[in-house]
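Asks: how would this look folded up:
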Amino acid sequence: MRTWTYFKAVLARPVAIAASVCALLIALGCNSGVSKAAQEKPDTAQKNRAATSSTSPDIDLNCVTDHLRNPPESFHYTFKAVSDNPWEEEADVTPQKIDGSFKNNSLPAPQQFHGAPQDVSSNLSAIGRMASLFAIVHNTSAVVNEGAEKVNSYDSVKYSIDTTRGSAAERALYTSVLGPGGFEKGTVWAISQGCPVKLVLDEELHSKDGGVAGKAHYEEAMVKK
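Replies: Predicted coordinates for the structure are as follows:
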């Protein structure tokens, strides 16, 4: 259960993580961001910023939680975490109701639930537990826009994620949360609101001495009906 124990320990320190992320992102803005802008011609930099803002929706895991709580449409939702403590969720979602189930090590048989989204969506909370760790790649070189792609009947933008990419300051950010040698690698397809309609992510957490503290594989999908 080392992976889940480590994962819970990280999520139990949101203030510390937030402080670390904020401090290092400020460093990124002051160092790598400024030096890159200085190397670009003013018109080139302006065009790059415009292209990024117009074609790159923010990847927002909390958007999925919002869609489950207040569904704007009907979709099928799945989430899976493969680790020492696996977790699975599945649901048919409409604006009127959710018919879903979840299971984990403690509850290996699917636990069924039914009801209005506002009443039962809290049973589909696993994606929110990834938010703190996923935040470390936000606005860093780990995330690369691979272009538009239609997935699960949604128009989306495909992003590759790889924390082995990036500047020294970005790698320090990843190390502070994932440990020396730890990494996140995967692919996310996000719609204009930022919701991942498909997510495949592998994560390896390392201890301070560089040893492997845990591994996890995550999959999430929203399929429009």
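Asks: Please look at residue 82 and residue 217 and confirm they touch.
Replies: Yes. The criterion here is Cβ atoms under 8 Å, and residue 82 meets it with residue 217 at 4.3 Å. Where C-beta positions appear, they are placed from N, C-alpha and C, glycine not excepted.
Asks: The residue nearest to residue 136 when sequence neighbours are not counted sits in which helix or strand?
Replies: Spatially, and ignoring its direct neighbours in sequence, residue 136 is nearest to residue 177 (5.0 Å; Cβ to Cβ, 6 or more residues apart in numbering). Per DSSP states H and E, residue 177 falls inside helix 168-178.
Asks: counting contacts, what elements does the helix or strand just after that helix pack onto?
Replies: Remark: after helix 168-178, the chain's next helix or strand is strand 183-190, criterion DSSP H and E. The helices and strands touching strand 183-190, judged by 3 or more Cβ pairs under 8 Å, 6 or more residues apart in numbering; DSSP states H and E, are strand 143-151, strand 154-162, helix 168-178, strand 196-206.
Asks: What residues does the residue nearest the centre of the chain make contact with?
Replies: Note on the chain: the residue nearest the mean C-alpha position is residue 134, at 4.2 Å, using Cα atoms, centre = their mean. Residues counted as contacts of residue 134 (Cβ atoms under 8 Å, 6 or more residues apart in numbering) are 59, 61, 184, 201.
Asks: Just the closest of those residues to residue 86, please.
Replies: Distances from residue 86 to the contacts of residue 134, taken as Cβ to Cβ, are shortest for residue 201 (14.9 Å).
Asks: For that closest one, grab the count of nearby residues.
Replies: 21 (other Cβ atoms under 10 Å).
Asks: Only the buried residues of the helix holding residue 177, if you could.
Replies: 169, 170, 171, 173, 174, 175, 176, 177, 178 (16 or more other Cβ atoms under 10 Å).
Asks: average pLDDT for that helix?
Replies: Per-residue pLDDT over helix 168-178 has a mean of 91.
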